[in-house]
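A.B. asks: Need coordinates for the below:
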Amino acid sequence: MAAPTATRMRSPATATQRPTGIPLATPTQTATPLPSFSVDLKGVTFTVPAGLAHAVEGQAFPGHGATGDASFPPAPWMLYPPYLAFDFEGYVRDDTSLAPQLVIYPVADYERLNATAAEVIQETRQALAGQPAVPEQSQILPIFNAHQSLRVQFQYVDFTGGAGFRFVTQYVQDMAPINNHSLFYTFQGLTSDGAYYVAAILPVSAPVLPADYGAPTPPGGIPFPDYDRPDFTTALAKYQADVTQLLNGLPASEYSPSLKTLDSLMQSMTITAWTTARECPTELSSALQAGAMAYVSLNPPVSNRLRAASSSAASLVGSLPSGTVVDLSAGPVCADDLIWWLVVVNGGPQDGLAGWTAEGSATEKWLVACPAGAVCPPTP
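C.D. replies: The predicted structure is shown next:
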């Protein structure tokens, strides 16, 4: 499988001639903060505030779909369409359990592939439409294999061509102290046309929280209740309520990095389509149907390219040999004089691999519908 495409944007103070894909060393701490710099990749642009990070690497990743075995359905966090991700290198906080990242998902593709993601997206739509003070939304994108232990500092934040909200949170798999090792700022939003979902996971710290699960409580903080207390459940609920109140009352500037700094990052973003998809003209009529199955043509026995988006210029995800069976998850869309489908490989060594592949052109067809009630692909 081909590696995802990558582009690194650097602060002017740290720009060096290094090959793409090789991590940069953590910069030496100096009294002068790193200057701000701009990122522009595949229709996504934003400005990284001064001092936040020294480089951003953007990559187009392939998706991952359901396996062909219905008895082993994938977990929600393992089911996603091709997407763009931006990693922040030399981020101001490097002592956390989470990597700082900004992710862009195509909404329609995600909703078709993942019912849990579809619920999150719909909850975000409703929150942005009604703008309640704090919406009741416990799941975010990307999906966590954990539960949300708190949600503080909620605020609506608009960006050019879209809107969203941010809050500070922590996800845990057990009953644990709220701490700076796991605390993060998240942004959840949608472009105005509803085509793209924007999610950010950016670690932050608060001076009143312990450094990690086992660290002592700092001055002004609230101690975690002893697990051996007979009233532990009641004490835990009070602890969470007290910490929520404490963190909500903390000025945005006392978080590190400042919540306002992270807000400015999100507000600077603009997003345009990273594919050239358009409605299919009459001469590009499809013989396939979404929700059905198809296979890569046996005649001629040529492989089909699998790409991260419905465009001949999109990064290569892999290759589908002749006879490969796929589920048609979304489509058709037309671009570059080709008919494209979002597919998930059904069976074989690439089972579950997702991406976009071309059905064909006006004169040729490379994807063929599986015959109803018969073996697919048919025996030559």
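
A.B. asks: you'd agree Pro76 is up against Thr116?
C.D. replies: Yes. Between Pro76 and Thr116 there is a contact at 3.8 Å, judged by Cβ atoms under 8 Å. Glycine gets a C-beta too; all of them are placed from N, C-alpha and C.

A.B. asks: Could you name every residue contacting both of those two?
C.D. replies: Ile143 (Cβ atoms under 8 Å, 6 or more residues apart in numbering).

A.B. asks: Neighbour count: these two, which is higher?
C.D. replies: Pro76 (18 against 15; other Cβ atoms under 10 Å).

A.B. asks: so what's that one up against?
C.D. replies: By Cβ under 8 Å, 6+ apart, the contact list for Pro76 reads Asn114, Ala115, Thr116, Ala117, Ile143.

A.B. asks: Likewise for Trp356?
C.D. replies: Contacts of Trp356 (Cβ under 8 Å, 6+ apart): Pro82, Leu306, Arg307, Ala308, Ala309, Ser310, Ser311, Ala314, Trp340, Trp341, Leu342, Val343.

A.B. asks: what does Cys280 give?
C.D. replies: With the criterion set at Cβ under 8 Å, 6+ apart, Cys280 makes contact with Ser286, Pro332, Val333, Cys334, Ile339.

A.B. asks: Pull the most distant pair out of the residues you listed.
C.D. replies: Ser286 and Val333 (9.8 Å; Cβ to Cβ).

A.B. asks: Please enumerate the shared neighbours of these two.
C.D. replies: Taking Cβ under 8 Å, 6+ apart as the criterion, Ser286 and Val333 both touch Cys280, Ile339.

A.B. asks: still on that earlier bit, out of the contacts of Cys280, which sit inside strands?
C.D. replies: Pro332, Val333, Cys334, Ile339 (DSSP state E).

A.B. asks: Quick check: beta-bridge partners of the residue nearest the centre of the chain?
C.D. replies: Central residue check for the chain by Cα atoms, centre = their mean: the C-alpha nearest the mean position is that of Val103, 3.9 Å away. Val103 has these beta-bridge partners by DSSP bridges: Ala85, Ala199.

A.B. asks: So it versus Tyr227, what's the distance?
C.D. replies: 35 Å (Cβ to Cβ, to the nearest Å).

A.B. asks: now swap in Pro332 and tell me
C.D. replies: Taken as Cβ to Cβ, the span from Pro332 to Tyr227 is 56 Å.

A.B. asks: The two - which one has more neighbours?
C.D. replies: Pro332 (24 against 9).

A.B. asks: Let's verify Arg93: helix, strand, or coil?
C.D. replies: coil (DSSP: H, G, I helix; E, B strand; the rest coil).
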